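> what follows is a predicted structure for the sequence shown.
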Amino acid sequence: MSSYLVRRLLEAILVMVVVAIVAFTLFRFVGDPVNQMVGQDIGIAERDRLRAELGLDDGLLVQCGRFIWNALHFDFGISYKFRAPVTDLIAARLPATLELSLAASIFAIAAGIPLGVHTGIHRDGALSRLIMAGSLIGVSLPTFLIGILLIYLFSVTLHWLPSYGRGEVVSLGFWQTGFLTGSGLRALILPAVTLGLFQLTLVMRLVRSEMLEVLRTDYIRFARARGLTDRAIHFRHALKNTLVPVVTIIGLQIGSIIAFSIITETVFQWPGMGLLFIQAVQNADIPIMAAYLLLTAVIFVTINLIVDLIYRAIDPRIRMSGRV
Amino acid sequence: MAETPDPDAGFAAAILRRFAAIAESHLLYSFTRSWVVMIAAVFAVTIIAAALAAQWIAPTNPLDLASLDLMDSRLPPAWMEGGDPRFLIGTDDQGRDLLSALLYGAQMSIGISLAAVGVAILLGVTLGLISGYFGGLFDTLIMRAADVQLTFPAILTALLVNGAARALLGDQRLQGGEFWVLVVSIGLAFWVQYARTVRASTLQERHRDYVQAARLIGVPSWKILTGHVLPNVLGPVTVIATINLALAIITEATLSFLGVGLPPSHPSLGTLVRVGNDFLMSGEWWIVFFPGVVLAGLALAVNILGDWLREALNPKLR
């Protein structure tokens, strides 16, 4: 186990180094940092002074090392557009994105598992067919169209829910939460449903196919022979055994939920990291893009690592094959 | 060397053979068996044909700014109160005929998506062939790069490439280049799947007798790759390409919707939805509705066709 852990850790670090070099290349070579930071009327002498001050005259390796060193200390430089440290900008917006992602994941799991169990048990029922057809449409609809549709339905037509923003937020130290106010929770519903819908269909389809497979096994047949109720068979025996792959997929999907929140946040003007990133892409604000790239890479790599390790812990067959 | 078949001829013949095989196989049979697949095919072909013929069938030219009249802006569809019979499904905020904008927009979206899938295939198949055939350091480098990229969702890759291109080119030089920036950023986001699939098939084909024989008589590597290995590894590529086309259409629309794609003066399905979204609040639903329906329908239809193709071509699922 420990040798496996070390190997996986080394791989993860290698991936991070590659991403860091890509981020540095973006940071250093795409656009001239000095030109971005000063106005047109600044003289050449002044530019050279700034260039030296920023360390842009040093060797490339030194610069790259400094970039990584600074990144390790959460220093990503100054945003070209906002003229503020990137770290502060991201830290101010991180809670909004994390709360949205959490709500979306809970929605996807809470709705996806029951739907998957139902369609798995009643394979040919009319309701199951309807749900499956709906899920195909859900997969094909682009996220932003779903968001627009929900806004039109629940905000413009019915006036039930707000269409943009986070509502009122409460400050808990540096963390601004929308979970504690009524308007914050109401503002959360539409974005969370929009963001979670794709993951919901994924969870549902996975649970369904796993259920279909498990229900064919001998121990389920034996449980039926023992005269157990359908309820006990379906939930205590079958569902439990479908959960290992489901946990994995949900874990791996957390990364893409954070990435897809870019789209949802744009539709709902949700003041999170995704909206910051999309503004950075529109304005070619490289420091924010580089920081976002590094941050999402850290999150993805960490989740991948944890899921791998959990998987080995849960499923003894993988541990065994690793030893051969 | 005279016996070596011309690689182009071999390639064309392989494609012809594949078409012949499709016509004879149960592919056609399974096609006529499912009405869902048939409806999807009819819908997709109609939209694509209409989009390609936009220059001839559209009532007006939405790119011709001189013909626009702001007095015509935001008119509802012709059958509603206040509608104008000249504009069947209404107009947008610039007074463009929405039907014409939609046709031109669909053409733009489909063009970008096809070109992007082309870029992805070209890059992915080339790298996959090299990786599988030569192995060694090439293989390690290419496959590690694929692994790293696979940890990021495609939309994020496309956004990053797009942002980098924007910063590199600057806003002035980007004018008119948006099309290619989109093509490249979407293409770069989708190459991994092709590279992996082609690499796996190439690894198998490399040890077949015909490849060994070609090597023995001294056919150069690039000729073996293009003339012998390539035609035999293209099967799965067609399936991936179909499914990827739906993804590419959605990605293009998403990028344009996010405001990093085409400028509003050049309609694409994404920019039309983006413009329409601004007027949804005031109840002008048709500006976003029609482009949205075409976009969702097209993606759904292509998805269904891709699914069907995958099942029909996979002997294990029969």
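In hand now; what should we look at?
> now for the residue in the stretch 51-200 of chain A that chain B sits nearest to: which residues touch it?
Closest contact between the stretch 51-200 of chain A and chain B, by CB to the nearest CB, is at A:S140 (3.9 Å). C-beta here means a position set from N, CA and C on the backbone, and glycine is covered the same way. Residues in contact with A:S140 (CB atoms under 8 Å, 6 or more residues apart in numbering or on different chains) are B:246, B:250, B:296, B:299-300, B:303.
> wait, B:S201 touches B:L230, no?
No. Using CB atoms under 8 Å as the test, B:S201 is too far from B:L230 to be in contact (10.0 Å).
> low-confidence stretches in chain A?
Scanning chain A for pLDDT under 70 picks out A:1, A:29-42, A:54-57, A:173, A:314-324.
> could you pull out the helices for it?
Ranges of helices within chain A are A:2-29, A:33-37, A:44-54, A:60-72, A:86-121, A:126-140, A:143-150, A:182-215, A:218-225, A:230-231, A:240-268, A:273-283, A:286-314, A:316-323, based on DSSP state H.
> the first one packs against which elements?
Contact analysis of helix A:2-29 by 3 or more CB pairs under 8 Å, 6 or more residues apart in numbering or on different chains; DSSP states H and E lists helix A:60-72, helix A:286-314, helix B:136-150 as its packing neighbours.
> who in the stretch 51-200 of chain A is up against chain B?
Counting by CB under 8 Å from any CB of the partner chain, the residues of the stretch 51-200 of chain A lying close to chain B are A:136-137, A:139-145, A:148-149, A:151-152, A:156, A:163.
> and the buried ones among those residues, selectable in ChimeraX?
A single ChimeraX command suffices to select whichever of these are buried according to 16 or more other CB atoms under 10 Å in any protein chain shown:
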select /A:136,139,140,141,142,143,144,145,148,149,151,152,163
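> wait, what's in contact with the nearest residue to A:A111 once chain neighbours are set aside?
Excluding its sequence neighbours, the residue lying closest to A:A111 (CB to CB, 6 or more residues apart in numbering or on different chains) is A:L200, at 5.4 Å. Neighbouring residues of A:L200 by CB under 8 Å, 6+ apart: A:107-108, A:111-112, A:115, A:138.
> rerun that using 6 Å as the cut-off
By CB atoms under 6 Å, 6 or more residues apart in numbering or on different chains, the residues touching A:L200 are A:108, A:111-112.
> and the helix or strand harbouring B:A312 with chain A, contact?
Using DSSP states H and E, B:A312 falls within helix B:286-313. Yes. Helix B:286-313 reaches chain A (CB under 6 Å from any CB of the partner chain) through B:292, B:296, B:299-300, B:303.
> residues near A:G251, how many?
17 (other CB atoms under 10 Å in any protein chain shown).
> chain neighbours aside, what residue packs nearest to B:V119?
B:G187 (2.8 Å).
> tell me the residues of the stretch 201-324 of chain A that contact chain B?
So the stretch 201-324 of chain A meets chain B at A:256, A:259, A:266, A:278, A:281-282, A:284, A:286, A:289, A:300 (CB under 6 Å from any CB).
> for the buried ones among these, write the corresponding ChimeraX selection.
A single ChimeraX command is used to select the members of those judged buried by 16+ other CB under 10 Å:
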select /A:256,259,266,278,281,284,286,289,300
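> and the residues of the stretch 201-324 of chain A next to chain B, which two are the farthest apart?
Put simply, by CB to CB the two of these set farthest apart are A:S256 and A:A284, 24.9 Å from each other.
> run through who's touching stretch A:299-314.
Residues outside stretch A:299-314 that contact it (CB under 6 Å, 6+ apart): A:8, A:12, A:15, A:244, A:248, A:251-252, A:254-255, A:318-319, B:151.
> buried residues of it, list them for me.
Going through stretch A:299-314 with 16+ other CB under 10 Å, the ones that come out buried are A:300-301, A:303-305, A:307-308, A:311-312.
> sorry, back to before: switch the residues of the stretch 201-324 of chain A next to chain B over to JSON lines; also include distance to B:E284.
Shown next, in JSON lines, are these (distance: CB to CB, whole Å):
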{"residue": "A:S256", "distance to B:E284": "33"}
{"residue": "A:A259", "distance to B:E284": "32"}
{"residue": "A:T266", "distance to B:E284": "20"}
{"residue": "A:I278", "distance to B:E284": "25"}
{"residue": "A:V281", "distance to B:E284": "28"}
{"residue": "A:Q282", "distance to B:E284": "25"}
{"residue": "A:A284", "distance to B:E284": "32"}
{"residue": "A:I286", "distance to B:E284": "37"}
{"residue": "A:M289", "distance to B:E284": "34"}
{"residue": "A:F300", "distance to B:E284": "40"}
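> tell me which residue lies farthest from the centre of chain A.
A:A45 (45.0 Å; CA atoms, centre = their mean).
> residues in contact with that one?
So A:A45 contacts nothing (CB under 6 Å, 6+ apart).
> how far away is it from A:E53?
Distance of A:A45 to A:E53, computed by CB to CB, to the nearest Å: 13 Å.
> again, but for A:L10
Taking CB to CB, one finds A:L10 at 37 Å from A:E53.
> please apply the same query to B:G292.
50 Å.
> quick one: which of those two has more around it?
Taking other CB under 10 Å, B:G292 and A:E53 do not tie; B:G292 has more neighbours (24 against 10).
> once you drop chain neighbours, what's closest to that one?
A:L145 is the one closest to B:G292 (CB to CB, 6+ apart), at 5.2 Å.
> shouldn't that neighbour be in contact with B:V294?
No. Using CB atoms under 6 Å, A:L145 is not in contact with B:V294, being 10.9 Å away.
> what about chain B, any weak spots by pLDDT?
Ranges of chain B meeting pLDDT under 70: B:1-33, B:65-75, B:78-88, B:95, B:170-176, B:283, B:314-318.
> and it, which residues reach chain A?
Residues of chain B lying near chain A (CB under 6 Å from any CB): B:148, B:151, B:153, B:156, B:159, B:163-164, B:166-168, B:250, B:253-254, B:257-260, B:277, B:280, B:292, B:296, B:299-300, B:303.
> restricted to helices, list the residues you listed.
B:148, B:156, B:159, B:163-164, B:166-168, B:250, B:253-254, B:257, B:277, B:280, B:292, B:296, B:299-300, B:303.
> among these, which ones are buried?
Judged by 16+ other CB under 10 Å, buried ones among those: B:148, B:156, B:159, B:163-164, B:166-167, B:250, B:253-254, B:257, B:277, B:280, B:292, B:296, B:299-300, B:303.
> what sits against A:G274?
Applying CB under 6 Å, 6+ apart, the residues near A:G274 are A:261-262, A:265.
> what would the residues you listed look like in a markdown table with distance to A:L61 and neighbour count?
Formatted as a markdown table, the contacts of A:G274 follow (distance: CB to CB, whole Å; neighbours: other CB atoms under 10 Å in any protein chain shown):
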| residue | distance to A:L61 | neighbour count |
| --- | --- | --- |
| A:S261 | 35 | 26 |
| A:I262 | 33 | 26 |
| A:E265 | 37 | 25 |
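> what about A:I189, neighbour count?
16.
> typo on my end, A:R236
A:R236 is flanked by 12 other residues according to other CB under 10 Å.
> same question, B:S34
15.
> A:L141 versus that one, what's the distance?
In terms of CB to CB, B:S34 sits 22 Å off from A:L141.
> can you tell me, leaving aside adjacent residues, what's nearest to residue 150?
I'll assume chain A. Per CB to CB, 6+ apart, closest to A:L150 is A:L190, 5.0 Å.
> that's the wrong chain, I meant chain B
Spatial nearest neighbour of B:L150, chain neighbours left out: B:V192 (5.4 Å); criterion: CB to CB, 6+ apart.
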